[in-house]
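Engineer: can't give you the sequence, but here's the structure:
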């Protein structure tokens, strides 16, 4: 019952507390830790319990349920994946921000040199801007395809 907040045994338990203990007992029964009679007896006692201490005694001899540990591990893994995706998106957007800044600088250089020469010069920024943009697009699409291949 480590999911419950710090509490005193004499404090009154809520229906949510009783449901959590009943879930632990169902898990223990499905794992083969309790026989049918003991399971039924303990479930009856769960709903008759009034305090945390009474609930604690019903699961004191049982280990942490495997299903809860699995759910917790899955939740942590999903959280890590979400954080990784968020970080990768931020990095990708930062790359586009650098691309836009460089594009503005190159176009400004081209514009100033065209004004200084008195004629429109060949628009050379199209090559570095275009190549860099294509690379960013391909890397962005490639990253999504990589995640699809993993089933993520």
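Structural biologist: Cool, the structure landed. Just so it is clear, the model here is predicted, and its values are computed rather than measured. Numbering: from 1, shown residues only.
Engineer: What's the mean pLDDT across the host helix or strand of residue 108?
Structural biologist: Element membership of residue 108, judged by DSSP states H and E, is helix 66-117. Averaged over helix 66-117, pLDDT sits at 93.
Engineer: Next: stretch 130-142.
Structural biologist: Here the average pLDDT along stretch 130-142 is 93.
Engineer: likewise stretch 18-34?
Structural biologist: Stretch 18-34 shows a mean pLDDT of 90.
Engineer: tell me which residues of that stretch are tucked away?
Structural biologist: 18, 20, 21, 22, 24, 25, 27, 28, 29, 33, 34 (16 or more other C-beta atoms under 10 Å). (Each C-beta comes from the backbone N, C-alpha and C, glycine too.)
Engineer: What of stretch 50-63?
Structural biologist: For stretch 50-63, the buried set under the neighbour-count rule, 16+ other C-beta under 10 Å, comprises 51, 52, 54, 55, 56, 58, 59, 62.
Engineer: can you list the residues you listed in JSON lines and add pLDDT, secondary structure and distance to residue 12?
Structural biologist: Formatted as JSON lines, the buried residues of stretch 50-63 follow (pLDDT from 0 to 100; DSSP: H, G, I helix; E, B strand; the rest coil; distance: C-beta to C-beta, whole Å):
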{"residue": "51", "pLDDT": "94", "secondary structure": "strand", "distance to residue 12": "6"}
{"residue": "52", "pLDDT": "92", "secondary structure": "helix", "distance to residue 12": "8"}
{"residue": "54", "pLDDT": "93", "secondary structure": "helix", "distance to residue 12": "10"}
{"residue": "55", "pLDDT": "92", "secondary structure": "helix", "distance to residue 12": "10"}
{"residue": "56", "pLDDT": "90", "secondary structure": "helix", "distance to residue 12": "13"}
{"residue": "58", "pLDDT": "92", "secondary structure": "helix", "distance to residue 12": "16"}
{"residue": "59", "pLDDT": "90", "secondary structure": "helix", "distance to residue 12": "18"}
{"residue": "62", "pLDDT": "88", "secondary structure": "coil", "distance to residue 12": "22"}
